[in-house]
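Engineer: Fold the following for me, if possible:
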Amino acid sequence: MLPDLKNVIELQQVDLKVAELTKQIESLPAQIQSLQSRLDEFIHAQEERKKRLAANQRERKDLDGEIKVIQEKIGKHKDQLYQVKTNEQFRAMTKEIEGEEAKVRAIEDNILEKMLEAEEIQKHIQGAATRLEGEKARVAAEIARLESERKADDEERRSLLARRNQIQDGLSESTRNLYQRIRQARRGMAVTEAREGLCTACNVLLRPQVYNEVRTNEVLLTCENCGRIIYYVEPAPAQTGEASGPGAEATA
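Structural biologist: Numbers count the residues shown, from 1 in each chain. Model prediction:
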């Protein structure tokens with residue numbers, strides 16, 4: 001194979017791998033941020049539950065205070081019953097006491113609802129606390145794995161870039177310039193295989209004379225349609241096997 005063609009094929013493989021590694025490396029911060037954001041959302045939800053529980057406790061305390069005020073008022077009204085002079089005053093005072101007692105019952109019902117709500121919130125807090133520790137450990141482990149991958153990818157990319165420089169140094173200036181020009185024009189894909197008379201990048205049929213020259217791999221040719229450098233890979237020989245029939249017999 002023509003040395004420049006061999007080198008440019010390897011250069012293409014190296015560049016594609018470098019591009020793949022670069023994409024992986026650049027995607028890692030977003031992956032880490034996504035993991036951290038989900039954990040932050042979990043923590044925020046837990047904090048909101050705790051705030052709601054604290055608010056529930058304050059509300060119950062305020063309602064208890066309201067009941068005490070009303071009960072004191074009821075006590076005063078009951079003391080005043082003994083001081084009324086007429087039946088009309090007695091009935092009015094009794095009605096007012098009944099109204100205040102109804103308020104107390106309504107507040108007590110409200111307190112009961114808030115107690116049930118507090119129990120439910122507390123269950124969520126306790127369950128989430130256990131899950132939170134597991135989530136923190138999982139996120140930390142995943143971030144550590146991603147960081148390890150990033151380090152390995154970065155090291156591999158540096159090694160490939162060093163190899164890329166070596167390959168480029170082995171190319172003739174004209175081939176190097178041709179490769180770079182096609183690579184920029186074709187989004188990184190400058191070299192492609194010719195197979196069964198076709199350019200596998202654009203699927204356009206090559207002229208027979210061009211295809212025959214490509215098959216020698218001794219000249220640097222480009223596809224007349226897409227402009228990419230083309231080369232030929234000899235297809236693997238077909239696998240053939242001899243099957244013996246079920247009645248075949250071995251001979252001595």
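Engineer: what about residue 232, how many neighbours?
Structural biologist: Counted with other CB atoms under 10 Å, residues neighbouring residue 232 total 18. To be clear about C-beta, it is placed using only N, CA and C from the backbone, and glycine gets the same treatment.
Engineer: Across the sheet, point out what pairs with it.
Structural biologist: Taking DSSP bridges as the rule, residue 232 bridges to residue 194.
Engineer: Quick check: pLDDT value at it.
Structural biologist: With respect to pLDDT, residue 232 scores 96.
Engineer: any idea how far it lies from residue 202?
Structural biologist: Note on residue 232: its distance to residue 202, by CB to CB, to the nearest Å, is 16 Å.
Engineer: and if you look at residue 155?
Structural biologist: Shown here: residue 155 relative to residue 202, a distance of 36 Å by CB to CB.
Engineer: do residue 21 as well
Structural biologist: For residue 21, the distance to residue 202 - CB to CB - is 27 Å.
Engineer: Compare neighbour counts for the two and give me the winner.
Structural biologist: Applying other CB under 10 Å to residue 21 and residue 202 shows that residue 21 carries more neighbours, namely 20 against 14.
Engineer: Helices along this protein, start to end?
Structural biologist: Here the chain has its helices, by DSSP state H, at 3-81, 87-169, 173-185, 208-216.
Engineer: Dump these to CSV, plus mean pLDDT.
Structural biologist: Listed next are those as CSV, based on pLDDT from 0 to 100:
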stretch, mean pLDDT
helix 3-81, 94
helix 87-169, 94
helix 173-185, 95
helix 208-216, 95
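Engineer: Count the residues that sit near residue 154.
Structural biologist: Neighbours of residue 154 under the rule other CB under 10 Å: 15.
Engineer: residues touching the nearest residue in space to it that is not next to it in sequence, list them.
Structural biologist: Closest residue to residue 154 apart from its sequence neighbours, by CB to CB, 6 or more residues apart in numbering: residue 25 at 6.2 Å. Residue 25 makes contact with 150, 153-154, 157, according to CB atoms under 8 Å, 6 or more residues apart in numbering.
Engineer: Turn the residues you listed into CSV, columns for distance to residue 40.
Structural biologist: Formatted as CSV, the contacts of residue 25 follow (distance: CB to CB, whole Å):
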residue, distance to residue 40
150, 21
153, 26
154, 27
157, 31
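Engineer: Now a PyMOL select for only the buried ones of those.
Structural biologist: Command for PyMOL that selects the buried part of the contacts of residue 25, burial taken from 16 or more other CB atoms under 10 Å:
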select buried, resi 150+153+157
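Engineer: Quick one: residues contacting residue 161.
Structural biologist: Counting by CB under 8 Å, 6+ apart, residue 161 makes contact with residue 18.
Engineer: gap between it and residue 168?
Structural biologist: Residue 161 is 10 Å from residue 168, by CB to CB.
Engineer: follow-up on the earlier one: can you say which of the helices of the chain is nearest to residue 227?
Structural biologist: Closest of those to residue 227 is helix 173-185, at 5.8 Å (criterion: CB to CB).
Engineer: The closest one versus helix 87-169: what angle between them?
Structural biologist: Using axes from the mean of the first three to the mean of the last three CA atoms, to 10 degrees, one finds that helix 173-185 and helix 87-169 are set 160 degrees apart in direction.
Engineer: In terms of secondary structure, what does helix 173-185 contact?
Structural biologist: helix 3-81, strand 229-232 (3 or more CB pairs under 8 Å, 6 or more residues apart in numbering; DSSP states H and E).
Engineer: Highest mean neighbour count out of those?
Structural biologist: Neighbour counts (mean count of other CB atoms under 10 Å) averaged over each of these peak at strand 229-232, with a mean of 22.
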